[in-house]
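Undergrad: Okay, sequence plus prediction incoming.
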Amino acid sequence: MIAYTYILRCSDGTLYTGWTTDLDRRVKEHNSEDCGAKYTKTRRPVKLVYYERFEEDDEKEAKRSAMKREWFIKNKLTKKQKEVLIAGGSK
């Protein structure tokens, strides 16, 4: 099982962090009229600028790892620290 933590850059320059099990689908959803997060709905288009991949034998463990990382990025990193993470590239 694979899960991802990702960061999107919104059209207004803000950053959005989330997690998913299907990265391509989720980015498309954020840019669609029907789906996506409340935050990104008014900030389209969004662009994927960073992601981390979590591959585990157990589906729940992969999701848990991605959610923990999402929480850390959202709650512990400043925008400047997120920009440094983005500049370093995807893992």
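TA: Sure, I can see it. Residues are numbered from 1 along each chain as shown.
Undergrad: So which elements touch whatever helix or strand residue 64 lives in?
TA: Assessed by DSSP states H and E, residue 64 sits inside helix 59-76. With contacts taken as 3 or more Cβ pairs under 8 Å, 6 or more residues apart in numbering; DSSP states H and E, helix 59-76 sits against strand 2-9, strand 15-20, strand 47-55. For every residue, glycine as well, the C-beta is placed using N, CA and C.
Undergrad: Neighbouring strands - and their directions - for the first one?
TA: Meaning strand 2-9. strand 15-20 (antiparallel), strand 47-55 (antiparallel) (DSSP bridges).
Undergrad: low-scoring stretches of this structure, by residue?
TA: 90-91 (pLDDT under 70).
Undergrad: ok, now with 80
TA: Residue ranges of the chain with pLDDT under 80: 89-91.
Undergrad: Now the residue of it positioned farthest from its centre: closest residue in space, sequence neighbours ignored.
TA: The centre of the chain is farthest from one residue, residue 57, which by Cα atoms, centre = their mean lies 21.6 Å away. In space, and not counting its chain neighbours, residue 57 is closest to residue 1: 7.3 Å by Cβ to Cβ, 6 or more residues apart in numbering.
Undergrad: Residue 65 is in contact with that neighbour, correct?
TA: No: using Cβ atoms under 8 Å, residue 1 makes no contact with residue 65, being 10.2 Å away.
Undergrad: what residues do those two have in common as contacts?
TA: residue 56 (Cβ atoms under 8 Å, 6 or more residues apart in numbering).
Undergrad: Tell me, how many residues neighbour residue 45?
TA: Number of residues near residue 45 (other Cβ atoms under 10 Å) recorded here: 12.
Undergrad: and it, what does it touch?
TA: 11, 31.
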